[in-house]
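*Asks:* only geometry, no sequence info:
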């Protein structure tokens, strides 16, 4: 009996000892807290920066990044790798673009090119493949001339103001001319402008808007957004546009040109110093307004499809890579802008 009791005590002691030596269970990690600035599409908003009536929210990548080294128009033309020419027999709304480089070329609706018989802006966001010549859609921004300069075009180094970019993406030539005339009147660049060209307003982006450049350069340097891929834009507290690129590399090449297009819009917009600041929820709502609107393919190349979604109060355009066989298409660029859908002409009843 004593032997049995002793054995029992020994067993209990062994169990207690083994429990004491066992490692404590690993605590379950707490679930990550949702980012209140997350936009739900692999991006999030950084801290806003302001100057006068304009607020820019840096958009930063939280998901996959497209690190493709796209050539852009100014870079390509400076290198002599990209040329734009006017075919005397072609429509006013087409120019011949040649990308002689080994890189795909990304062009933006609203990029200003000067020369030929009329100054133009690029008509659609798209990607021109390497070693390719294409007829690309353009719009005339010089209503009163159809003569003379050399057939070659040069880049003006600027992107048209936001409303004119929107006209190029979603409307027709007469709408573009009307917006050019309106902007020239607002800026005073209509005086002595016999051909109605947009050149004067374009030049102002590199001169008159220098204080805007400086203010946002300083504010963005202080904010130091990491992995930035675009901007959400608010004027007087109202969200009016979002531009997002597939990766920081492409934004970096177009950043100043893009921001100046915002400044050129803001300089003629109302300014109420007491206006409310647009919230993150405002940006989210604006970004996703057209999610249920069907895509419409409006232009394509061997490298990418350009798709539009036009709603009643906003319009969206995106450039999707076609990708290699078996690879999923990627968003190279997406833009959402405030847009009042044009009403179809109503015919008067026959009496």
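*Replies:* Perfect, thanks for sending it. Note that the coordinates shown come from a computational prediction; the quantities given were computed from them, not determined experimentally. Numbering: from 1, shown residues only.

*Asks:* near residue 67, how many other residues are there?
*Replies:* Residue 67: 10 surrounding residues under other Cβ atoms under 10 Å. Glycine gets a C-beta too; all of them are placed from N, C-alpha and C.

*Asks:* give me the contact list for the host helix or strand of residue 212.
*Replies:* Applying DSSP states H and E as the criterion places residue 212 in helix 210-223. Identification of contacts with helix 210-223 by Cβ atoms under 8 Å, 6 or more residues apart in numbering yields 46-47, 49-52, 54, 56, 58, 256, 259-260, 263, 266-267.

*Asks:* strands of the stretch 1-150 of the chain, start to end?
*Replies:* Here the stretch 1-150 of the chain has its strands, by DSSP state E, counting those that start in this stretch, at 43-45, 49-51, 54-61, 71-72, 82-85, 94-99, 105-107, 111-115, 120-122, 126-128, 132-140.

*Asks:* buried stuff in the following helix or strand past the last one?
*Replies:* Note on strand 132-140: by DSSP H and E, the next helix or strand toward the C-terminus is strand 153-159. Buried residues in strand 153-159, counted by 16 or more other Cβ atoms under 10 Å: 153, 155, 156, 157, 158, 159.

*Asks:* repeat that for stretch 283-291.
*Replies:* Those would be 283, 284, 286, 287, 289, 290, for stretch 283-291 by 16+ other Cβ under 10 Å.

*Asks:* if we can go back for a sec, of the contacts of helix 210-223, closest to residue 312?
*Replies:* Nearest to residue 312 among the contacts of helix 210-223: residue 266, at 24.4 Å, using Cβ to Cβ.

*Asks:* what is the burial count for that closest one?
*Replies:* Using other Cβ under 10 Å, residue 266 has 25 other residues around it.

*Asks:* which parts of the stretch 251-351 of the chain are strands?
*Replies:* Going by DSSP E, counting those that start in this stretch, the stretch 251-351 of the chain shows strands at 296-300, 304-310, 314-321, 331-338.

*Asks:* pLDDT at the residue minimising distance to the centre of the chain, what is it?
*Replies:* The centroid of the chain falls nearest to residue 243 when counting by Cα atoms, centre = their mean (2.6 Å). Residue 243 is assigned 98 on the pLDDT scale.

*Asks:* who's in contact with it?
*Replies:* 230, 231, 233, 258, 333, 334, 335.

*Asks:* pLDDT weak spots in the stretch 101-250 of the chain?
*Replies:* Applying pLDDT under 70 to the stretch 101-250 of the chain flags the ranges 148-149.

*Asks:* re the thing from before, of the buried residues of strand 153-159, just say which sits nearest to residue 62.
*Replies:* Of those, the one sitting nearest to residue 62 (Cβ to Cβ) turns out to be residue 159, at 26.4 Å.

*Asks:* contacts only, for the closest one.
*Replies:* If you count contacts by Cβ under 8 Å, 6+ apart, residue 159 has them with 108, 110, 111, 112, 165, 254, 257, 258, 260, 261.

*Asks:* cool, and residue 74?
*Replies:* Taking Cβ under 8 Å, 6+ apart, one finds 155, 157, 257 in contact with residue 74.

*Asks:* and it, how far is that from residue 122?
*Replies:* With distances taken as Cβ to Cβ, to the nearest Å, residue 74 is found 12 Å from residue 122.

*Asks:* pLDDT score assigned to the nearest residue to residue 75 once chain neighbours are set aside?
*Replies:* Nearest non-adjacent residue to residue 75, counting by Cβ to Cβ, 6 or more residues apart in numbering: residue 253, 6.6 Å away. Looking at residue 253, its pLDDT stands at 97.

*Asks:* is it true that residue 253 touches residue 73?
*Replies:* No. In this structure residue 253 lies outside contact range of residue 73 using Cβ atoms under 8 Å: 9.7 Å.

*Asks:* who has more neighbours, those two?
*Replies:* More neighbours surround residue 73 than the other of residue 253 and residue 73, with 26 against 19 (other Cβ under 10 Å).

*Asks:* alright, that wraps it up for me.
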